[in-house]
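> I would like to see how this sequence folds:
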Amino acid sequence: MTGAAVVVGEGVGGGGGVLAPLRHGAFRALAAGRILMFLGSGLASVALAFAVLDVTGSLAAVGLVVGARSVANIALLLLGGVIADRVSRSLVLRGGCAAAAASQVLLALALLSGFATLPLMMLLAVLNGAAGAVNLPAASALVPQTVPRPLLRPANAVVRVGTHGGMFVGMSAGGVLAGVAGSGWAIAASGALFAAAGLSFLALRIPATAPAGGGGDVLRDLREGWTEFTARSWVWIIVLAFMVVNASWSATTAVLGPAIADGSFGRTAWGLLMAVNSAGLLVGGVTAARWQPRRALLFGTGLVLLQTVPLFALAGPSPLPLLFAAMFLAGVAVEQFSVAWEVSVQENIPAEKLSRVYSYDALGSFVAMPVGQVAVAPLAASVGPGTAIVLLACLTLTAVLAALCAPSVRALRRR
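Numbering: from 1, shown residues only. As a prediction, this is how the structure comes out:
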């Protein structure tokens, strides 16, 4: 049989239901730390914009500070993967959280004392971005070291549901704190959350992985990671496809969608649509924890075709109930794919090279999103926002269907 949806999947491996991974102390520490990190990141992402506006009053300055963090994060991702494969990943996470906490506390002190300047805020944003570049591949690669293999699927789902919820709550809290107590205290709260995440990682006791083996030769380590990344065609095929998917989605939700909302159903409805999409992500994660077919990667990749439904609906005009339903289903579908992808990578990539493969994966995603956001504006100016979204939806369809045609994607099964 070739259809993934008709292959019956097992229940949660190892017994005990969706929350079975939480019986393992190392996983509890990892999950708690990651949720606290995302709480801090969500809070900081909102509070930082208000902080820059408080100091400079300039929207362009907000772009410079946020951009400085993004550039540092992207530029150091591959090095972060090398570091996380060379030394204890739990130690990497503690150091990364300490650096992130320090950057936020210093920024808060500068804001509260009246000494904050644009260059200082950019410098601290670079430090925070560097910490994130180290933390991301280390945190993703640690899941297989904290639970038995049969629990990888529910473990990844629990982490993803928790981090989505943490980011959502953090962003909401950031706006409230910045409005009630001021941006300086909101930034201080994010620093406290990063520090709490580091304390949680102190309880993360796991066997050390074998070192990368490159000694001081970072370039050799990067080449080994690239070789591992390209050795399995399903890995790079999916990453290439999702460079297109991520670029199209971010261009729509960050640029075109708000513009269309302003001219039709309004900003409040757009905010609610984003919240409904987040709710779909949470439901998709819970569903994936309970069941996925044996060919989970094929099944999840196919479901991503549903992400084009809200794109076509936005190009509409379409009634709001249809848009809400489409956004919710897109969230469910994408999270089904995300859990399948995490498990597929963790089951098939050697543990000692896993962080570097994750760093190449993340680099593809992070580079694609700003490219899409920048490129879509002149496209929309040329053909109109509605037509531009239709073109993005067609690009998504083409990329996903091409990935589905790859034999290695169709054949991969969960273990």
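
> going by C-alpha atoms from here, please, whenever you check contacts or count neighbours.
Noted.

> looking at it, Gly107 is touching Ala116, isn't it?
One thing to correct before we go on: residue 107 is Leu, not Gly. Yes: contact criterion CA atoms under 8 Å: Leu107 and Ala116 qualify, at 7.2 Å.

> more crowded one of the two?
Between Leu107 and Ala116, counted using other CA atoms under 10 Å, the more crowded position is Leu107 (26 against 20).

> so where does the more buried one fall, helix or strand?
Per DSSP states H and E: Leu107 is located in helix 89-113.

> ok, Arg160 next?
Going by DSSP H and E, Arg160 is part of helix 152-180.

> before we move on, what about Leu53?
Using DSSP H and E, Leu53 falls within helix 25-56.

> now do that helix: which elements does it pack against?
helix 59-75, helix 118-142, helix 152-180, helix 183-202 (3 or more CA pairs under 8 Å, 6 or more residues apart in numbering; DSSP states H and E).

> now it: mean pLDDT?
Across helix 25-56, the average pLDDT comes to 88.

> that one: which residues count as buried?
Within helix 25-56, the residues that qualify as buried by neighbour count (16 or more other CA atoms under 10 Å) are 25-53, 55.

> is it true that Val409 touches Val400?
No: contact criterion CA under 8 Å: Val409 and Val400 do not qualify, at 11.1 Å.

> how about low-confidence regions in the stretch 51-200 of the chain?
Scanning the stretch 51-200 of the chain for pLDDT under 70 picks out 59.

> which SSE is Val276 in?
Using DSSP H and E, Val276 falls within helix 267-290.

> which residues touch that helix?
Residues outside helix 267-290 that contact it (CA atoms under 8 Å, 6 or more residues apart in numbering): 11-12, 17-18, 153-158, 160-161, 164-165, 168, 257-258, 261, 323-324, 327-336, 339-340.

> filter these down to the buried ones.
11-12, 18, 153-158, 160-161, 164-165, 168, 257-258, 261, 323-324, 327-336, 339-340.

> correct me, but Asn156 touches Val345?
No: using CA under 8 Å, Asn156 makes no contact with Val345, being 11.5 Å away.

> which ones are touching the residue nearest to Gly162 when sequence neighbours are not counted?
Excluding its sequence neighbours, the residue lying closest to Gly162 (CA to CA, 6 or more residues apart in numbering) is Ile35, at 5.7 Å. For Ile35, the contact set (CA under 8 Å, 6+ apart) comprises Val159, Gly162, Thr163, Gly165, Gly166, Ala197.

> ok, now Ala61?
Residues counted as contacts of Ala61 (CA under 8 Å, 6+ apart) are Val52, Leu53, Leu118.

> ok, it to Ala44 distance?
Distance, Ala61 to Ala44, by CA to CA, to the nearest Å: 16 Å.

> over to Val283?
26 Å.

> what do you get for Thr268?
To Ala44, Thr268 is 23 Å away according to CA to CA.

> do Val357 as well
Distance of Val357 to Ala44, given as CA to CA: 28 Å.

> can you check Pro321 too?
32 Å.

> from the chain's centre, how far out does the one helix or strand Ser365 maps to sit?
If you go by DSSP H and E, Ser365 is part of helix 354-383. With CA atoms, centre = their mean, to the nearest Å as the basis, helix 354-383 stands 13 Å off its chain's centre.
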